[in-house]
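K.L.:
sequence-free structure coming up:
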């Protein structure tokens, strides 16, 4: 098999694109895909400061690496979720990545924030699935760090597989409000929100893993221990089976949605967001989702003490 | 496991409904489901004559059986597709079903219609997938038989699995015009069309197979030999995997679509249908889809002769 770009020996075949590349051409292809996504979707410009949320996994580190190489002005943000050895290993990978390249990384350990709550504590206290609490906590701290750091843009490493799985979940339940918001660029709906972008939304997990490997990026290979049995993984598995039988299905599902489906789901933009009485971040009610969850942990703990 | 209705020993468990039934209660449940679908979706009334399109398979024969038992005024229509032994076996089952119950069945063998074209001939001549030609031919002859027979309603045996697979295909490619028409009741958009209904749209394949078995209905068990590798089967397999992990997924996917998704896809109803110059049935252009396909067979044959 030959590289479709330079005719040298190919080392990676991309069935979804019906193509194959040698190492340098794949790196070029990957970075070019990221750059095209950024430009076509008007995600950000070279003069803007980008906060990249990194987890220590392949996607976010591949994204950060590509953005740096493409000449964007970036800083990293790592959120310590407090999930034992997994979180410690993830943090070490994120720190090593930044150190080796002389990049600036802010580490926010949830245990040491003023609320002092890691994900396992919240999940146990509220009896919610950890992924649900984790999503709320990440959103809050990402939003807050981007706003307080004066960044106009927050970039996350969500890849095509993530987007396709989320879209599948939203479509299987016809979650109209979520479908209306499933876009690679979310423009701020409140002065304390910043633009949120997903430059890897057209890039598969296979592609970011290959890129990370070829670029010598050391990342956490293990999945989060909480993700076992998560609904998203069920959808990912289904989509992988489909992709295997019909290469290109995931990309078509997501991109056709954006061009044809999304316009139907978009009604009036979010309006009427106030500010959370407790933390001051944007909120639809008196408290934002994060502070409601923190308050719930407090209530449950009080009840537990009262019943003991 | 006990029957949820009468507490006798259950013989069938329905995970999607989180229930189980003994034989008489399952038959009651199945017929009641069909009747509810008919009533809630305003499919037809007891005084109307219903033409039931039967293939000799479990779904359409289970539907016909249930409609007769529920007291509806029905006649059967069997279309001989000309697919060798499969079609001969299917016709025999349909005839035996009708004879045993003293029901009227019209048999239309495609080979003997004025165009004289069976599905294999059309597929071979046009190099189209057989399922595509088959769909066009079925629609045409069903529409025509219903109109010419003076039936106000045509009922087909499409089940929940069929509907969910079709919806999945349409969603994966965001086929907006098809999504707008994916309804269990299609009201006529032309005086020569009749109402088309799918009373089994909430009933799974497992349920219709169980019903057919318990009612002693003899049906063709083999799948159509052309269906091997058909896209619909890929989607069905995916949905079965999902249903296994999350029982009730298929029903929620289809019913949530109807209640929440469909209204967004429905634009203005189909208008401007004229009549086909060749067969007189409704057509968007000069020829209807069926006659375009028949003409294509003619052209291809002429070319083949010219090149030989």
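P.N.:
Received the coordinates, thanks. Note that this is a predicted model, so its numbers are computed, not measured.

K.L.:
What parts of chain A come near chain B?
P.N.:
Neighbours of chain B within chain A, by C-beta under 8 Å from any C-beta of the partner chain: A:171-174, A:176, A:231, A:234, A:237-238, A:241-242, A:245-246, A:249, A:252-253, A:256-257, A:259-261, A:264-265. Where C-beta positions appear, they are placed from N, C-alpha and C, glycine not excepted.

K.L.:
Distance of the closest residue to residue A:134 other than its chain neighbours relative to residue A:130?
P.N.:
Of all residues not flanking residue A:134 in the chain, residue A:119 sits nearest, at 5.0 Å (C-beta to C-beta, 6 or more residues apart in numbering or on different chains). Distance, residue A:119 to residue A:130, by C-beta to C-beta, to the nearest Å: 6 Å.

K.L.:
cool, and residue A:222?
P.N.:
15 Å.

K.L.:
try residue A:296
P.N.:
14 Å.

K.L.:
remind me, longest strand of chain A?
P.N.:
For chain A, the longest strand by residue count, based on DSSP state E, is strand A:73-80.

K.L.:
Sheet partners, orientation included, of that one?
P.N.:
Here strand A:73-80 is paired, per DSSP bridges, with strand A:49-54 (parallel), strand A:105-109 (parallel).

K.L.:
Reduced to three states, what does the closest residue to chain B within the stretch 51-200 of chain A come out as?
P.N.:
Nearest residue of the stretch 51-200 of chain A to chain B: residue A:174, at 4.1 Å (C-beta to the nearest C-beta). Secondary structure state of residue A:174, per DSSP: H, G, I helix; E, B strand; the rest coil, is coil.

K.L.:
Hmm, residue B:260 and it touching each other?
P.N.:
Yes: the pair residue A:174 / residue B:260 is scored as a contact, 4.3 Å apart, by C-beta atoms under 8 Å.

K.L.:
okay, these two: which has more neighbours?
P.N.:
The neighbour comparison of residue A:174 against residue B:260 (other C-beta atoms under 10 Å in any protein chain shown) goes to residue A:174, with 22 against 14.

K.L.:
Hmm, residue A:22 and residue A:8 touching each other?
P.N.:
Yes: with contacts counted by C-beta under 8 Å, residue A:8 reaches residue A:22, the gap being 4.4 Å.

K.L.:
can you pull out the strands in chain A?
P.N.:
A:12-14, A:19-21, A:49-54, A:73-80, A:105-109, A:153-155, A:185-186, A:195-197, A:274-275, A:282-283.

K.L.:
Just name the most buried of the strands paired with strand A:73-80.
P.N.:
Stretch with highest mean neighbour count among those: strand A:49-54 (a mean of 24; mean count of other C-beta atoms under 10 Å in any protein chain shown).

K.L.:
hey, what's in contact with both of residue A:119 and residue A:130?
P.N.:
Counting by C-beta atoms under 8 Å, 6 or more residues apart in numbering or on different chains, the contacts common to residue A:119 and residue A:130 are A:83, A:226.

K.L.:
So these two - more neighbours on which side?
P.N.:
Remark: of residue A:119 and residue A:130, residue A:119 carries more neighbours, 23 against 20, as counted by other C-beta under 10 Å.

K.L.:
and that one, what is it in contact with?
P.N.:
By C-beta under 8 Å, 6+ apart, the neighbours of residue A:119 are A:81-83, A:110, A:130, A:133-134, A:137, A:226.

K.L.:
Now for those residues: which two are most distant?
P.N.:
Using C-beta to C-beta, the two most remote members of the contacts of residue A:119 are A:110 and A:226, lying 13.9 Å apart.

K.L.:
who's more crowded, these two?
P.N.:
Comparing residue A:110 with residue A:226 by other C-beta under 10 Å, the one with more neighbours is residue A:110, at 22 against 18.

K.L.:
Test for you: state the pLDDT assigned to that one.
P.N.:
We have a pLDDT of 89 for residue A:110.

K.L.:
for residue A:223, same thing?
P.N.:
pLDDT for residue A:223: 85.

K.L.:
before we move on, what about residue A:270?
P.N.:
Confidence score, pLDDT, at residue A:270: 56.

K.L.:
just residue A:303 next, same as before
P.N.:
So, for residue A:303, pLDDT stands at 83.

K.L.:
repeat for residue A:104
P.N.:
On the pLDDT scale, residue A:104 is placed at 98.

K.L.:
so the closest residue to it other than its chain neighbours bridges to which residues?
P.N.:
Nearest residue to residue A:104, sequence neighbours excluded (C-beta to C-beta, 6+ apart): residue A:75, at 4.7 Å. Beta bridges link residue A:75 to residue A:51, judged by DSSP bridges.

K.L.:
burial count for residue A:75?
P.N.:
Residue A:75, neighbours per other C-beta under 10 Å, totals 17.

K.L.:
just residue A:114 next, same as before
P.N.:
By other C-beta under 10 Å, neighbour count at residue A:114 equals 7.

K.L.:
got a list of what it touches?
P.N.:
Contacts of residue A:114 by C-beta under 8 Å, 6+ apart: none found.

K.L.:
can you do 10 Å?
P.N.:
A:279, A:294 (C-beta atoms under 10 Å, 6 or more residues apart in numbering or on different chains).

K.L.:
And it, what's its pLDDT?
P.N.:
81.

K.L.:
gap between it and residue A:278?
P.N.:
Residue A:114 is 11 Å from residue A:278, by C-beta to C-beta.

K.L.:
cool, residue A:77 as well?
P.N.:
For residue A:77 relative to residue A:278 (C-beta to C-beta), the value is 22 Å.

K.L.:
more crowded one of the two?
P.N.:
residue A:77 (24 against 16).

K.L.:
and the more buried one, what is it in contact with?
P.N.:
Contacts of residue A:77 (C-beta under 10 Å, 6+ apart): A:51-54, A:60, A:94, A:104-108, A:141-142, A:145-146, A:149, A:151, A:154-156.

K.L.:
what do residue A:110 and residue A:226 both touch?
P.N.:
A:81, A:83, A:119, A:134.

K.L.:
Adding pLDDT, write those residues out as CSV.
P.N.:
Output for those, formatted as CSV (pLDDT from 0 to 100):
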residue, pLDDT
A:81, 91
A:83, 90
A:119, 88
A:134, 88
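
K.L.:
Most neighbours of all these, which one?
P.N.:
Most neighbours among the shared contacts of residue A:110 and residue A:226, by other C-beta under 10 Å: residue A:81, with 26 neighbours.

K.L.:
Apart from its chain neighbours, what residue comes closest to that one?
P.N.:
Residue A:81 sits nearest to residue A:119 (C-beta to C-beta, 6+ apart), 4.7 Å away.

K.L.:
quick one: the helices in the stretch 1-150 of chain A?
P.N.:
In the stretch 1-150 of chain A, the helices defined using DSSP state H, counting those that start in this stretch lie at A:23-40, A:58-69, A:84-101, A:119-126, A:130-148.
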